[in-house]
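>>> Here is my input; please provide its structure:
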Amino acid sequence: MNGRAFIKMHGLGNDFVVIDARQEPFNPTEKQSRLIADRRFGIGCDQFIIIEPPVHQDADIFMRIRNADGGEVGACGNATRCIASLIMQEAESEHVTIETLAGLLHAKQSHKNLVTVDMGPARLEWQEIPLTEERDTLNIGIKLPPLKNPVGVNMGNPHAVFFVEDAEAIELDALGSRLEHHPLFPERANIGVAALIGKNHLRLRVFERGVGITSACGTGACAAAVAAARRGLTDREVQVDLDGGSLQINWLENGQVLMTGPVSIAFRGEIAPELLNVS
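Predicted coordinates for the structure are as follows:
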């Protein structure tokens, strides 16, 4: 195999290796994906994004997402903003429709360097999270001290949001890795710890399944905002502060969730053939 051109992008530090496979298909194995995502032996990223031709007639492109562990997932909010920015620049348009495994996502240019993505509806039924048994998703009831009783939200991927007094004080690396694999989550879950730090203002940290603690998680921010509104802690429009910066989340009355935040290109390069030839 020859090398492949890539773009390194990030949304609030949640970083991606992006490959354009619209003209030349690119189907890395899980092992190849893990090596590319490795921060010592590869390029390094939280997610590996492949831009493909769309399947749906209303979409501009299809976005395929692999986590750092090589597993494929349906949604990534920060990646959606990054890819939307690329395609809008390419098409000289202020709107784009991105197809994902989680469905069609519509994005638009907001202010300078800010992109707004309609992340679709927040799914709140226990079968939609999904859980292995029927539970009230507003009070799931599991605990791993000091964390207890999360809210379940699916934003194209499953989230469990725990509300705490101080998000910084939680040993999220240790707790998140255990809760991610809780038997109640058949597809594993992203684990968020959120603290109310002001009116309609949340501090959020996320342990992302297949990745670990990330500097920002777009779907996690959406899930936390929805969970806070459901608990009566905030209104439906909130600012969510993550390690890498802030996102504005608006849970509309029709159930759709809008996410607005920045995008950045770090650099462009070529993946060495040696990284692509591993079996």
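>>> low pLDDT regions in the stretch 151-279 of the chain?
By pLDDT under 70, the low-scoring segments of the stretch 151-279 of the chain are 279.
>>> Could I get the full set of helices for it?
Ranges of helices in the stretch 151-279 of the chain, per DSSP state H, counting those that start in this stretch, are 172-179, 218-230, 273-276.
>>> Make CSV out of those helices and add distance to residue 242 and mean neighbour count.
Every residue, glycine included, has its C-beta placed from N, CA and C. Output for the helices of the stretch 151-279 of the chain, formatted as CSV (distance: least, CB to CB, whole Å; neighbours: other CB atoms under 10 Å):
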stretch, distance to residue 242, mean neighbour count
helix 172-179, 12, 17
helix 218-230, 6, 28
helix 273-276, 29, 14
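>>> can those helices go into TSV with extra columns for distance to residue 71?
Below are the helices of the stretch 151-279 of the chain laid out as TSV (distance: least, CB to CB, whole Å):
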stretch	distance to residue 71
helix 172-179	15
helix 218-230	15
helix 273-276	18
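>>> I'd like to know which of these lies nearest to residue 6.
Each of the helices of the stretch 151-279 of the chain has some distance to residue 6 by CB to CB; the shortest is helix 273-276, at 10.4 Å.
>>> Give me the distance from that closest one to the chain's centre.
Offset of helix 273-276 from its chain centre (CA atoms, centre = their mean, to the nearest Å): 27 Å.
>>> Output stretch 98-118 as CSV, nothing but the C-alphas.
C-alpha atoms of stretch 98-118 as CSV (Å, rounded to 0.1, in the frame of the first residue of the first chain):
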residue,chain,number,x,y,z
ILE,A,98,-23.5,14.6,6.9
GLU,A,99,-24.6,11.0,6.8
THR,A,100,-23.4,8.8,9.8
LEU,A,101,-24.4,5.4,11.2
ALA,A,102,-26.6,7.4,13.6
GLY,A,103,-28.4,9.1,10.8
LEU,A,104,-28.3,12.4,8.9
LEU,A,105,-26.8,15.4,10.7
HIS,A,106,-27.3,19.0,9.4
ALA,A,107,-24.7,21.6,10.0
LYS,A,108,-24.3,25.3,9.3
GLN,A,109,-21.6,28.0,9.7
SER,A,110,-22.5,30.0,12.7
HIS,A,111,-20.0,32.8,13.6
LYS,A,112,-16.4,33.0,12.6
ASN,A,113,-14.7,29.6,13.2
LEU,A,114,-17.9,28.4,14.9
VAL,A,115,-20.1,25.6,13.5
THR,A,116,-23.6,24.6,14.6
VAL,A,117,-24.7,21.0,14.2
ASP,A,118,-28.2,19.6,14.6
